[in-house]
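Peer 1: Model the following, please.
(chains A and B)
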Amino acid sequence: AQSVTQLGSHVSVSEGALVLLRCNYSSSVPPYLFWYVQYPNQGLQLLLKYTSAATLVKGINGFEAEFKKSETSFHLTKPSAHMSDAAEYFCAVSGVTGGGNKLTFGTGTQLKVEL
Amino acid sequence: NAGVTQTPKFRILKIGQSMTLQCTQDMNHNYMYWYRQDPGMGLKLIYYSVGAGITDKGEVPNGYNVSRSTTEDFPLRLELAAPSQTSVYFCASGEGENTIYFGEGSWLTVV
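Peer 2: Residues are numbered from 1 along each chain as shown, chains lettered A, B, ... in the order given. Coordinates of the predicted model:
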């Protein structure tokens, strides 16, 4: 069984400040980990994914995440927040076990960016 | 490149009515999925399919049915709509460990 926990349902940062969104996972098999972003009234867009290659993963829009097995974490960061980053962010985990690459999602973190 | 297309975008149903949410993908993906999204709950898997003719239940399948007669199409059927099925529904497709692509969503209200 796999699960993810996103700490903080709402995060608020100032424009230009560091963005840190936390995700911890639980998986009985080597995990694949994903971060998705959802803008209001839209579908989910992939930001980045970890598939057992480099532990530091760079994604779109300046975001990156680091896979830390010892901490079972996959936190999302961005050095400098922009107003356009305001959205909901979802961490997800899957393990390809022959039953399809089913994603298990966290409950989401709403990011607010203030002037 | 259309990707994953869902219809309708918005729908209001009365309790007890039935309807089908349509989903089509043009990426020749074997795997397709239906998720529902409720506020503060993230996305929950309803049904998934690993190929034409093969479907299986996800985490929250009660009240729904699916079919997969072709690689491209994966419709979701609600037989007797209930207020608890008011949600946003997302169809998605993917292949192996590769990225899963989502449709734009279908907003369903049951009154």
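
Peer 1: Tell me where chain B has strands.
Peer 2: Along chain B, counting by DSSP state E, strands occupy B:4-7, B:10-13, B:19-25, B:31-38, B:42-51, B:54-57, B:64-66, B:76-78, B:87-94, B:101-102, B:106-110.

Peer 1: Buried residues, the fourth one. List them.
Peer 2: Right, the one you point to is strand B:31-38. B:31, B:32, B:33, B:34, B:35, B:36, B:37 (16 or more other Cβ atoms under 10 Å in any protein chain shown). Any C-beta I mention is one placed from the backbone N, CA and C, and that applies to glycine too.

Peer 1: cool, the last one as well?
Peer 2: Neighbour counts over strand B:106-110 (16+ other Cβ under 10 Å) mark B:106, B:108, B:110 as buried.

Peer 1: residues in contact with the second one?
Peer 2: Going by Cβ atoms under 8 Å, 6 or more residues apart in numbering or on different chains, residue B:108 touches B:10, B:11, B:12, B:13, B:21, B:78, B:85, B:86, B:87, B:88, B:89.

Peer 1: ok, the residue nearest to residue B:76 when sequence neighbours are not counted to chain A distance?
Peer 2: Once flanking residues are discounted, residue B:76 sits nearest to residue B:21: 4.4 Å by Cβ to Cβ, 6 or more residues apart in numbering or on different chains. According to Cβ to the nearest Cβ, to the nearest Å, residue B:21 and chain A sit 14 Å apart.

Peer 1: what about the chain, any weak spots by pLDDT?
Peer 2: As the question left the chain open, I've gone with chain A. The model of chain A has pLDDT under 70 over residues A:95-100.

Peer 1: To clarify, I was referring to chain B.
Peer 2: By pLDDT under 70, the low-scoring segments of chain B are B:1, B:96-98.

Peer 1: And the spatially most central residue of it, how close does it get to chain A?
Peer 2: Central residue of chain B (Cα atoms, centre = their mean): residue B:34, 3.2 Å from the mean position. Counting by Cβ to the nearest Cβ, the separation of residue B:34 from chain A is 11 Å.

Peer 1: Residue B:19 too?
Peer 2: Distance, residue B:19 to chain A, by Cβ to the nearest Cβ: 20 Å.

Peer 1: Is that residue bridged to anything, and to what?
Peer 2: Beta-bridge pairing for residue B:19 (DSSP bridges): residue B:78.

Peer 1: got a list of what the spatially most central residue of chain A touches?
Peer 2: Residue closest to the mean C-alpha point of chain A, counted by Cα atoms, centre = their mean, is residue A:35 at 3.2 Å. Residue A:35 makes contact with A:21, A:23, A:46-49, A:59, A:63, A:65, A:74, A:76, A:89-92 under the criterion Cβ under 8 Å, 6+ apart.

Peer 1: quick check, nearest of the residues you listed to chain B?
Peer 2: Closest approach to chain B among the contacts of residue A:35 (Cβ to the nearest Cβ): residue A:46, at 5.3 Å.

Peer 1: looking at this, the closest one is in a strand?
Peer 2: Yes. When DSSP: H, G, I helix; E, B strand; the rest coil is applied, residue A:46 is found to be in a strand.
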